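Q: take this sequence and fold it.
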Amino acid sequence: MTLPRIPMEGALDLTYRCNNNCLHCWVKIPNDSEESSEELSSGEIRAIVDNARKMGCQRWSISGGEPLLRPDFFEIFNYITNQSACSVLNTNGTLLTPKSVRLLKKGGTVIVALYGATAEVHDRVTRHPGSFEAALRGISYLKEAGVGFIAQFIPLRENVHEAGAMRQLVESLTPYNKVGASWLYLAASGDPKRNKEIRSQRLSPREVVSFDKPSFSEEWELKKRELSCNSKPERNGSRLASCIADQRGFHIDPYGQMTFCSFVKAPSLRYDLRKGSFHEGWEDFIPSLVDKIKGGKEYRQNCASCKMREDCYWCFAKAFLEHRNFSARVDYLCSIAKERMRFRENWRKFHRRYYQIAGITFQ
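A: Numbering: from 1, shown residues only. Model prediction:
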C-alpha cells in the first residue's frame, strides 16, 4: 500500500551559533557571528509551524548549534510544543537552569550530548573550559525537575580511550542513553581547515564498527532496507526518486532554507521559505528535485555496482559534503563497509563452528 506523502515530522535548526567550539562540529559558527541577524524570527517560525501543521506535521526535532542561545528560545519552544504531538530538543546542556528546565517539562524529550568521561577530555573536545561541569549541572536540573531526557556520548579520536568510562557515565545518569554517530560528517561550509580538523577526529573503521555493530535479526534487516538510501531502487536513473517519494520529514535551517534531509547542503537542493510558502516547498519544490541528481558514469562504476552497497553509509548528500560531488565515492565509508562485512562474516564463522560442535544445523 502506498502511503500519502505527508510532511509528518519537521527538523528545525534554530541557530548554528554555539557557546562550545567542538573539534568535530560540521555546522558551527561563532557565538557572536553576524549571521545571527539572518536567522528566522520567532514570528516567521510560528508561521512555518502553523503551515506545516495544516499539512499534517505532528512531530518536531529542535536543534542547532545550541538552541538555547536564542533569547526567544522558550517562546519558540512553547509554540512548537503546543502545536505538535511530540518534540525532541538537542542541546549541550550547559545553558540549562532550574527555571529553564521547568519550562522544558511541558515538552517532549531532551537529548544532552557529552564528549568525555572527565572534564579534561570533554573540555578539550568542546574547547570551552567548564563545559563538562556545566553540562552535568544541567543534567542534574533535568533530573530534579522530572524532565524526560536522553544522555548521549559522542565517540571521537580525542575521547575514544574513555569510551568505557563514558558509557558508564551516561548509564549512571539515566537509563535512557545512547551512542551518537560513530563517524563524522565534513563541514557544511566545505572549509578545508575545518575539514582537516574533523578528519583528525574520525575513528578507524574497526572502531566505528565496535560502536555500531551490524545486527543479524530479521527485524533489523527489514528496518535497514526501509531506512537505507542505498537499499531503495532507483527510478529512471534518479538517485532521489525513491528517497523523496518515501520521505515523510523535512528540514529547515536557521535561515529558512528547506529541504528533505538535514544533510543536504547543496544550495540548488534547498528552498527559500522567505521567498515562497511551506506548501510550495513541500508539494512542488522537493518533488522537483527528483531529476536533479542522476547517477553518471562515476557513480555507476563505483557505488551503484558495489556489492557492499546496502551495508554502506554512503549517499549523495554525504558525497557532496566530502567532495562537493554528488557521485563520488567516499573512501572512508568504503573502509567502514568492508569492516562491517568482515564483522558479519567472522560472526557467521564463529556460530557455524559452534553449531557444528553442538550438532545443530546452521543456516
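Q: number of nearby residues for residue 71?
A: 8 (other C-beta atoms under 10 Å). In this view, the C-beta of every residue, glycine as well, is placed from N, C-alpha and C.
Q: just residue 297 next, same as before
A: Look at residue 297: counted by other C-beta under 10 Å, it has 8 neighbours.
Q: equivalent analysis for residue 104, please.
A: As a burial measure, residue 104 scores 25 neighbours (other C-beta under 10 Å).
Q: okay, the closest residue in space to it that isn't next to it in sequence: pLDDT?
A: Excluding the flanking residues, the one nearest residue 104 by C-beta to C-beta, 6 or more residues apart in numbering is residue 147, at 5.3 Å. Residue 147 is assigned a predicted lDDT (pLDDT) of 93.
Q: what's the answer for the one 10 residues further on, then?
A: Per-residue pLDDT puts residue 157 at 97.
Q: and the residue nearest to residue 104, how far from residue 80?
A: Distance from residue 147 to residue 80, counting by C-beta to C-beta, to the nearest Å: 16 Å.
Q: which residue ranges of the stretch 1-150 of the chain form strands?
A: For the stretch 1-150 of the chain, the strands defined by DSSP state E, counting those that start in this stretch cover 9-13, 59-63, 86-91, 109-114, 149-153.
Q: out of those strands, nearest to residue 188?
A: Across the strands of the stretch 1-150 of the chain, residue 188 has its closest neighbour in strand 9-13 (10.5 Å, C-beta to C-beta).
Q: adjacent strands (with direction) for that closest one?
A: strand 59-63 (parallel), strand 249-252 (parallel) (DSSP bridges).
Q: just put those strands in CSV and tack on distance to residue 338, mean pLDDT and mean neighbour count.
A: Listed next are the strands paired with strand 9-13 as CSV, based on distance: least, C-beta to C-beta, whole Å; pLDDT from 0 to 100; neighbours: other C-beta atoms under 10 Å:
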stretch, distance to residue 338, mean pLDDT, mean neighbour count
strand 59-63, 32, 96, 21
strand 249-252, 30, 96, 21
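Q: could you dump those strands to JSON lines with distance to residue 181?
A: Output for these, formatted as JSON lines (distance: least, C-beta to C-beta, whole Å):
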{"stretch": "strand 59-63", "distance to residue 181": "13"}
{"stretch": "strand 249-252", "distance to residue 181": "16"}
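Q: so for residue 332, what pLDDT did the model give?
A: Listed pLDDT for residue 332 reads 94.
Q: now name the helix or strand holding it.
A: Taking DSSP states H and E as the criterion, residue 332 maps to helix 331-358.
Q: before we move on, back to that, out of the strands paired with strand 9-13, nearest to residue 157?
A: strand 59-63 (23.5 Å).
Q: how big is the angle separating that closest one from strand 86-91?
A: 10 degrees (axes from the mean of the first three to the mean of the last three C-alpha atoms, to 10 degrees).
Q: how far away is residue 176 from residue 143?
A: Residue 176 is 11 Å from residue 143, by C-beta to C-beta.
Q: hey, what's in contact with both of these two?
A: residue 149 (C-beta atoms under 8 Å, 6 or more residues apart in numbering).
Q: residue 4 - how many residues pack around it?
A: If you count neighbours by other C-beta under 10 Å, residue 4 ends up with 7.
Q: same check, this time on the one 10 residues further on
A: Counted with other C-beta under 10 Å, the burial measure for residue 14 works out to 27 neighbours.
Q: and it, what does it touch?
A: Residue 14 makes contact with 39, 40, 45, 62, 63, 64, 65, 67, 70, 73, 76, 254, according to C-beta under 8 Å, 6+ apart.
Q: list just the nearest of those residues to residue 98.
A: residue 73 (16.1 Å).
Q: measure the residue nearest to that closest one when sequence neighbours are not counted to residue 177 for me?
A: Using C-beta to C-beta, 6+ apart and skipping residues adjacent in sequence, the residue nearest residue 73 is residue 67, 5.7 Å away. Distance of residue 67 to residue 177, given as C-beta to C-beta: 21 Å.
Q: next: residue 24.
A: Following C-beta to C-beta, the distance that separates residue 24 from residue 177 is 19 Å.
Q: how about residue 323?
A: 34 Å.
Q: low-confidence ranges, this protein, go.
A: For the chain, the stretches flagged by pLDDT under 70 are 1-3, 214-239, 242, 295, 347-363.
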